[in-house]
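Engineer: Provided below are the primary sequence and the corresponding predicted coordinates.
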Amino acid sequence: MENKKINIVIVDDHPIVIEGLKMMLNNQLHFSVSESFTSGSEIMGFIRSHKADIILLDITLPDANGTELCREIKKISPDTSVIMFSNRSERSIIMQSLQNGASGYILKNTSIDELVLCIQGAYSGNIVFCNETRQIISKPSLNDHPIPRLTKREKQILQMVAEGKTSMMIADELFLSPLTVDTHRKNLLQKFQVKNSTELITIAVQQNMI
């Protein structure tokens, strides 16, 4: 981890949850909780004029639905990683959050060690889940995509995309041209029948391919 502290903002309608998270996260060497809010309107007002590396966002807020709020936050601040932090464990809510741009989904019963790892992973550009969330989305669903057949190279690139690596980084590591990597990425989107990398990674996790 680099020397720069990860700037974290917490949005939750329970002050006691906020205070507990602040205490635990500020004890981490590379974390800094800069702000906390209890409503959707407050975080939207903040994000229009301030930057945050990570937003821990609850689903249930007094004036907003967290999944919809995530989409609005990403429109204003696309570089901010939004991690849903909730008691809601319905698969449909988890999937909707990811489709709306969330960088991960963590249940509130997770351990502090797992939360720290997820925050670090999201800051590095990965899609992150606590173990329980991963188990939930890995269960078969009537709407699941069929498992596509991938080449060895496509499997390599899929894993590297899941690690948050850009096409240029992948090209350098695999000694390929960026154009070739982009072609592989487009092929992956087609094979998985998805529109973007977030959906690609989500389905790959469902299928236990990464």
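Structural biologist: That came through, no problem. Numbers count the residues shown, from 1 in each chain.

Engineer: which parts of the helix-or-strand element of the chain with minimal mean pLDDT are buried?
Structural biologist: For the chain, counting by mean pLDDT, DSSP states H and E, helix 197-206 ranks last in confidence among helices and strands (a mean of 81). Across helix 197-206, burial judged by 16 or more other C-beta atoms under 10 Å covers S197, T198, E199, L200, I201, T202, I203, A204, V205, Q206. C-beta here means a position set from N, CA and C on the backbone, and glycine is covered the same way.

Engineer: ok, the last one touching I136?
Structural biologist: Which is Q206. No. Between Q206 and I136 there is no contact under C-beta atoms under 8 Å: 10.0 Å.

Engineer: which residues touch the lengthiest helix in the chain?
Structural biologist: In the chain, assigned by DSSP state H, the helix with the most residues is helix 178-192. The contact list for helix 178-192, computed with C-beta atoms under 8 Å, 6 or more residues apart in numbering, reads 145, 148-150, 153-154, 157-158, 161, 167-168, 170-171, 174, 195-197, 199-200, 203-204.

Engineer: out of the residues you listed, which are buried?
Structural biologist: Neighbour counting with 16+ other C-beta under 10 Å marks 148, 150, 154, 157-158, 161, 167, 170-171, 197, 199-200, 203-204 as buried within the contacts of helix 178-192.

Engineer: Show me the contacts of helix 178-192 that map onto strands.
Structural biologist: Among those, DSSP state E puts none in strands.

Engineer: Among those, which lie within helices?
Structural biologist: 153-154, 157-158, 161, 167-168, 170-171, 174, 197, 199-200, 203-204.

Engineer: Now the phi/psi pair for D13, please.
Structural biologist: The phi/psi pair for D13 (degrees, to the nearest 10) reads phi -90, psi 0.

Engineer: Next, count neighbours for it.
Structural biologist: Applying other C-beta atoms under 10 Å, we find 16 residues neighbouring D13.

Engineer: Check E19 too.
Structural biologist: With other C-beta under 10 Å as criterion, E19 counts 13.

Engineer: Then it would be within a helix, right?
Structural biologist: Yes. Judged by DSSP: H, G, I helix; E, B strand; the rest coil, E19 forms part of a helix.
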